[in-house]
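okay, here's the prediction I keep looking at, along with the sequence it came from:
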Amino acid sequence: MKLSIYTNIPTPNQLDFFKALADNFFDLQVIYYAYREPNRYWKLHPKVVGYKVVVVKDSILVKPILKKYISFHFSWSIFRIAWNDESPIIIVGGAYNTPNTIIAAIIGKIRRKKVAFFGERLYDTKNIFHYFLKKLHCCQ
């Protein structure tokens, strides 16, 4: 079965987890929004054998925003990638309030895919972005 995961950057534990998913359960595709965030200093290369990796490039319009909001990502190619994604299940994660994540989740719902959110709760999530995603019934 095919599975696509949309997330901001490769992290050491994610690479191991994704490899295990691909080796044992899924025909996996991972879409990263960047190779790394400005405040992350590990040097990881996500192109591992066993699953497909796509790294999108942020629009030039995002560069000034990234100076204030490190995990803010928007790529024009996310529309094409999400729309053409053949996986019946997609998982979005990394940062639920970044445009790439929101776009991938909305397109997934429009295309009648099963959409789930994966992330770590860092603070109280009673905010407008979480409310919006719950209203879409895609990330409960």
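Here it is on my side, so go on.

buried set for stretch 18-25?
18, 21-22 (16 or more other CB atoms under 10 Å). Where you see a C-beta, it was placed from the backbone N, CA and C, and this is true even at glycine.

can you show me the strands along the protein?
In the chain, the strands defined using DSSP state E lie at 2-7, 27-32, 52-55, 89-93, 114-118.

reformat those as TSV; add mean neighbour count.
Shown next, in TSV, are those (neighbours: other CB atoms under 10 Å):
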stretch	mean neighbour count
strand 2-7	23
strand 27-32	20
strand 52-55	15
strand 89-93	22
strand 114-118	17
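
any idea which of those gets closest to Ile102?
strand 89-93 (8.3 Å; CB to CB).

contacts for that closest one?
Identification of contacts with strand 89-93 by CB atoms under 8 Å, 6 or more residues apart in numbering yields 1-8, 82, 101, 104-105, 108, 113-119, 139.

quick one: that strand to chain centroid distance?
Offset of strand 89-93 from its chain centre (CA atoms, centre = their mean, to the nearest Å): 7 Å.

how about Trp76, what does it touch?
Ser59.

so which residues of the chain form helices?
12-24, 63-66, 77-84, 99-110, 128-135 (DSSP state H).

now the ones you listed in CSV, with distance to Gly93 and mean pLDDT?
Listed next are these as CSV, based on distance: least, CB to CB, whole Å; pLDDT from 0 to 100:
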stretch, distance to Gly93, mean pLDDT
helix 12-24, 9, 85
helix 63-66, 19, 70
helix 77-84, 14, 95
helix 99-110, 7, 92
helix 128-135, 12, 67
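
and among those helices, the most buried is which?
Counting by mean count of other CB atoms under 10 Å, helix 99-110 has the highest mean neighbour count of those, with a mean of 21.

relative to strand 27-32, how tilted is that helix?
140 degrees (axes from the mean of the first three to the mean of the last three CA atoms, to 10 degrees).

what's the angle between helix 99-110 and strand 89-93?
160 degrees.
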